[in-house]
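# my questions are about this predicted structure, shown below with the sequence.
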Amino acid sequence: MEGSESEAIFDSYNLNPQLFINAALNIVDELIDSAFGYLHQEASTQLKVEGSDRAEELTKGLDYIGNMIRSALDKRLTMWEKYCFLRVFVVPEGFSLPKDDEASDGDAMDIEAVGNSDLDAQLDSLRTKLMLAERESAKLKREIQALEKQSVISNHQAASVNELMKLSEQISEDEAFKELQNLATELRAKTEKLKTKGADNVLRARLERFRYGDLLKIIDGNGLSNAKSEEIEGFLVGMKLL
């Protein structure tokens, strides 16, 4: 079909193939520019070349890469544009726009073709769908309420478990404290016992010393009659200390 006829058909449907293709090509260009702008910013930050001689070299390198990519894309997009015009935006042979009179007559025939019975059937179908939707909504509401109740019960159970854990920890701490008290009491008793035993040993040693040592020195084998008064007094003092 000739170009003028195709354009007239597309215009009647408010379609413009060239505008569509141009918009697509502009989007591709914007994406490439945005991507290389972001790449330039990140590279400058990572390489720390802002304000130095290397910044110009970085710009030249990215421009070179960008031009290579754009050149390759332009070739492919040119082929895509040709394909669209040859295969996509093609009006079939023999296709023609309906005239205004034919269009209005067709619409009137369509309206008359739809009988009252068909309208009633459609209304009944809509009512049935509405009832099913209401039932489904009510069912969902009941399930939501059941889940909410279950959630409340679970929260109460969790709170009870937490309280039991705290109580068990407190009981364990009390038992441990009581056990420490018992150990301290037992240790104190053993300490007192050791002190008493040590005192008894000291007392016994002193007694033995006075019994066999000092006493012999005092009497010197001849009895107390030959002992001096100072020796007797020292002996008595030692006995008092025992």
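That came in fine, so what should we check first? Numbering: from 1, shown residues only.

# quick one, domains of the chain?
The chain breaks down into these domains under automatic domain parsing: 3-97, 204-241.

# hey, least reliable of those domains by pLDDT?
If you rank the domains of the chain by mean pLDDT, domain 204-241 sits at the bottom with a mean of 54.

# residue boundaries of the helices in this protein?
Secondary structure of the chain (DSSP state H): helices at 3-12, 17-47, 53-83, 100-113, 116-209, 215-219, 229-241.

# which residues sit against the first one?
Spelled out, it's helix 3-12. Residues from elsewhere that reach helix 3-12, judged by C-beta atoms under 8 Å, 6 or more residues apart in numbering: 16-17, 89-91, 95, 97. C-betas here are computed from N, CA, C, even on glycine.

# show me which of the residues you listed are buried.
In terms of neighbour count (16 or more other C-beta atoms under 10 Å), the buried residues within the contacts of helix 3-12 are 17, 91.

# turn the contacts of helix 3-12 into TSV, including distance to Glu192.
Shown next, in TSV, are those (distance: C-beta to C-beta, whole Å):
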residue	distance to Glu192
Asn16	110
Pro17	110
Phe89	111
Val90	114
Val91	117
Phe95	119
Leu97	121
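
# farthest-apart pair in the contacts of helix 3-12, please.
Taking C-beta to C-beta as the measure, the contacts of helix 3-12 span a maximum distance of 17.8 Å, between Asn16 and Phe95.

# separation between Thr128 and Lys139?
Distance of Thr128 to Lys139, computed by C-beta to C-beta, to the nearest Å: 17 Å.

# one more: Val91?
Distance of Val91 to Lys139, given as C-beta to C-beta: 52 Å.

# likewise Leu86?
From Leu86 across to Lys139, the span is 55 Å (C-beta to C-beta).

# just Lys149 next, same as before
For Lys149 relative to Lys139 (C-beta to C-beta), the value is 16 Å.

# residues in contact with Arg54?
By C-beta under 8 Å, 6+ apart, the contact list for Arg54 reads Leu47.

# I'd like to know how far it sits from Leu132.
Distance check for Arg54 against Leu132: by C-beta to C-beta, it reads 70 Å.

# now Leu126
Distance, Leu126 to Leu132, using C-beta to C-beta: 11 Å.

# so what pLDDT did Leu187 get?
Value for Leu187, per-residue pLDDT: 76.

# return the residues in contact with it.
Counting by C-beta under 8 Å, 6+ apart, Leu187 has no contacts.
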